[in-house]
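>>> prediction below, plus the sequence it came from.
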Amino acid sequence: MIGILSDTHDNLTRVREAIRLFNDAGCDLIIHAGDFVAPFTVDELRNLRAPVKAVFGNCDGEKAGLAKAFEGLGEIRAAPFKFSHAGLRFLVCHLDTRVGRNLASKAYDVIVFGHTHKPLAERRDGVFLVNPGEAGGWLRGKSTVALLDPAARTAEIITL
């Protein structure tokens, strides 16, 4: 199982709830699609029982501090972040503007993105698109994350 979240925007209460959910689900990888905001949010992720792969979002101004906070936790980098896991090819970005051209390339099995704060889990043209929505819940008043089952190639959006 893979836990996916985005747009946490320093809401530590919701980050802690996501961590509990991901640990209880036995996730072996966590993906964060950007907009942590401050490095202290990353410190909470140390309670995860899985490594984290993440990208910077448009609200992540303190990139050096976030990168330092990430040491020993996993990997964070500028989008796009391309990697393979559980036999699937992933592309992680923050902005949804990158999705269309990468979808057309057919180079990825799963594209994860954030930014819109709108949850999405659907297969389009043979590619699975996942936007976990906003874990922080500040914009829409609803905090959501996603659980991706790589074997079944399905994802569930979960309200925290």
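Received, thanks. Residues are numbered from 1 along each chain as shown.
>>> for the host helix or strand of residue 100, list the C-alpha coordinates in CSV.
In this structure, residue 100 sits in helix 99-105 according to DSSP states H and E. Taking C-alpha atoms only, helix 99-105 is exported to CSV below (Å, rounded to 0.1, in the frame of the first residue of the first chain):
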residue,chain,number,x,y,z
VAL,A,99,-0.3,16.2,-16.1
GLY,A,100,-1.6,16.6,-19.7
ARG,A,101,1.7,16.3,-21.5
ASN,A,102,2.9,13.5,-19.3
LEU,A,103,-0.3,11.6,-19.7
ALA,A,104,0.1,11.7,-23.4
SER,A,105,3.6,10.4,-23.2
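>>> what helices or strands is that helix leaning on?
Contacts defined by 3 or more Cβ pairs under 8 Å, 6 or more residues apart in numbering; DSSP states H and E place helix 99-105 against strand 110-112, strand 127-131. Just so you know, the C-beta spots here come from the backbone N, C-alpha and C atoms, and that holds for glycine as well.
>>> isn't residue 133 right up against residue 121?
No: in terms of Cβ atoms under 8 Å, residue 133 does not count as a neighbour of residue 121; the distance is 9.7 Å.
>>> secondary structure element holding residue 3?
Going by DSSP H and E, residue 3 is part of strand 2-5.
>>> list the contacts of that strand.
15, 18, 21-22, 25, 27-33, 48, 50, 85-86, 112, 130, 132, 135, 145-150, 155 (Cβ atoms under 8 Å, 6 or more residues apart in numbering).
>>> I am finished for the moment; much appreciated.
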